[in-house]
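>>> have a look at this fold, sequence not included:
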């Protein structure tokens, strides 16, 4: 069974630019949907239910791979006590000192700074 994040009605949802269904993620990564589910369960990728359908922010999937540093950031923030919903909210909160949001920075050369900030949240 899919174990992703559920965004509740009335609660602020993360705001990525584009969403992908799990079959779309599987197509991009050239893997099966069951392997996408496994990535989500193992903390290599994040997803939320939108209209009762699990979806992944498109920015987290670069070409034919998950953003290189995303699994490490997920692990660090989970270890700091963040829920997956809080983690997604953090990834998509605008930051004037980064090129947009931490999610965007992960894919545009700001990964080291994003990882450093995620590690600092654990202390």
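Now that the structure is in, tell me what you want to look at. Just so it is clear, the model here is predicted, and its values are computed rather than measured.

>>> give me the phi and psi for residue 101.
phi -120, psi 160 (degrees, to the nearest 10).

>>> for the spatially most central residue of the chain, give its distance to residue 118.
For the chain, residue 46 is the residue whose C-alpha lies nearest the centre (Cα atoms, centre = their mean; 4.0 Å). Note on residue 46: its distance to residue 118, by Cβ to Cβ, to the nearest Å, is 13 Å. C-beta: built from backbone N, CA, C; applies to glycine.

>>> do residue 105 as well
Following Cβ to Cβ, the distance that separates residue 105 from residue 118 is 11 Å.

>>> again with residue 92
In terms of Cβ to Cβ, residue 92 sits 14 Å off from residue 118.

>>> also residue 91?
9 Å.

>>> overlap in contacts, the two.
Shared contacts of residue 91 and residue 118, defined by Cβ atoms under 8 Å, 6 or more residues apart in numbering, comprise 73, 102.

>>> in this protein, what spans have low per-residue confidence?
1-15, 123 (pLDDT under 70).

>>> okay, strands next: where are they in it?
Applying DSSP state E to the chain gives strands spanning 5-6, 19-21, 48-50, 53-57, 61-62, 65-66.

>>> among those, which comes closest to residue 74?
Closest to residue 74 of the strands of the chain is strand 65-66 (Cβ to Cβ; 9.9 Å).

>>> list the strands paired with that closest one, with their directions.
strand 61-62 (antiparallel) (DSSP bridges).

>>> and the strands of the chain as TSV, adding mean neighbour count and distance to residue 29?
Formatted as TSV, these follow (neighbours: other Cβ atoms under 10 Å; distance: least, Cβ to Cβ, whole Å):
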stretch	mean neighbour count	distance to residue 29
strand 5-6	14	20
strand 19-21	18	10
strand 48-50	15	18
strand 53-57	19	10
strand 61-62	17	7
strand 65-66	16	7
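
>>> can you redo these as a markdown table with distance to residue 40?
As requested, the strands of the chain are exported to a markdown table (distance: least, Cβ to Cβ, whole Å):
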| stretch | distance to residue 40 |
| --- | --- |
| strand 5-6 | 9 |
| strand 19-21 | 12 |
| strand 48-50 | 10 |
| strand 53-57 | 8 |
| strand 61-62 | 12 |
| strand 65-66 | 10 |
